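1. using only what follows, build the 3D model:
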Amino acid sequence: MEHVKVIEFQKEFIDTVFDIQKKAYKPLFDKYHDTNTSPYLESKEEILQKYTRPGTCGYVFLEKEIPVGAVRITARGDVCKVSALAVLPEYQNRGIAQAALKEIESMHSGCKYWILDTILEEKGNCHLYEKLGYVKIGEPQAVNDYLTLINYKKAITSTDL
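-> Numbers count the residues shown, from 1 in each chain. Sure thing, here's the model as predicted:
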């Protein structure tokens, strides 16, 4: 796989990030009918507000200089939260999210803990995070009859850096 380049979000990237998020989350929205929490339903204005609020960093992933993914990281003290990780469907299962998250974790060396939630029914997502050292915590939360969210946490040790 080509090296994934991670760049910091800038406001002028909003159209690209909006497009990536829509395309990446549409199959999940169609499958799970999540009208409460799906990033697919977020407007461009909502996404921009989330990416630019205090304590949040956004990143865009490039493969061969093509924007193929994006994520938001919210830092509170020594805890960083991963939100709305999205990779274009045609670029999924190529190690892009894994490479990008590793790089982003190294960019946030002050974070001792990383947290996120993902869809329990999406075994590929769970596998990705577990491969990166995240462990399931807490009780699964049913969103609707089709979809359950599960929380993950990763403690960073000096050997991870």
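
2. show me the contacts for residue 43.
-> Going by Cβ atoms under 8 Å, 6 or more residues apart in numbering, residue 43 touches no other residue. Backbone N, C-alpha and C define where each C-beta goes, glycine included.

3. neighbours around residue 79, how many?
-> Using other Cβ atoms under 10 Å, residue 79 has 14 other residues around it.

4. now the strands for the protein?
-> Remark: strands assigned in the chain by DSSP state E are 4-8, 56-63, 66-76, 79-87, 113-119, 135-142, 148-155.

5. for residue 40, which of those strands is the nearest?
-> With Cβ to Cβ as the criterion, residue 40 lies closest to strand 79-87 of those, at 9.6 Å.

6. reformat the strands of the chain as JSON lines; add distance to residue 24 and mean pLDDT.
-> Below are the strands of the chain laid out as JSON lines (distance: least, Cβ to Cβ, whole Å; pLDDT from 0 to 100):
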{"stretch": "strand 4-8", "distance to residue 24": "15", "mean pLDDT": "97"}
{"stretch": "strand 56-63", "distance to residue 24": "11", "mean pLDDT": "97"}
{"stretch": "strand 66-76", "distance to residue 24": "8", "mean pLDDT": "97"}
{"stretch": "strand 79-87", "distance to residue 24": "4", "mean pLDDT": "98"}
{"stretch": "strand 113-119", "distance to residue 24": "13", "mean pLDDT": "97"}
{"stretch": "strand 135-142", "distance to residue 24": "22", "mean pLDDT": "97"}
{"stretch": "strand 148-155", "distance to residue 24": "17", "mean pLDDT": "97"}
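
7. what's the spacing between the residue minimising distance to the centre of the chain and residue 157?
-> Note on the chain: the residue nearest the mean C-alpha position is residue 85, at 1.9 Å, using Cα atoms, centre = their mean. Look at residue 85 and residue 157: by Cβ to Cβ, to the nearest Å, they are 22 Å apart.

8. try residue 18
-> Per Cβ to Cβ, residue 18 is found 36 Å from residue 157.

9. and for the closest residue to residue 67 other than its chain neighbours, the neighbour number?
-> Leaving out its chain neighbours, the residue that sits closest to residue 67 by Cβ to Cβ, 6 or more residues apart in numbering is residue 16, at 4.8 Å. By other Cβ under 10 Å, 14 other residues sit near residue 16.
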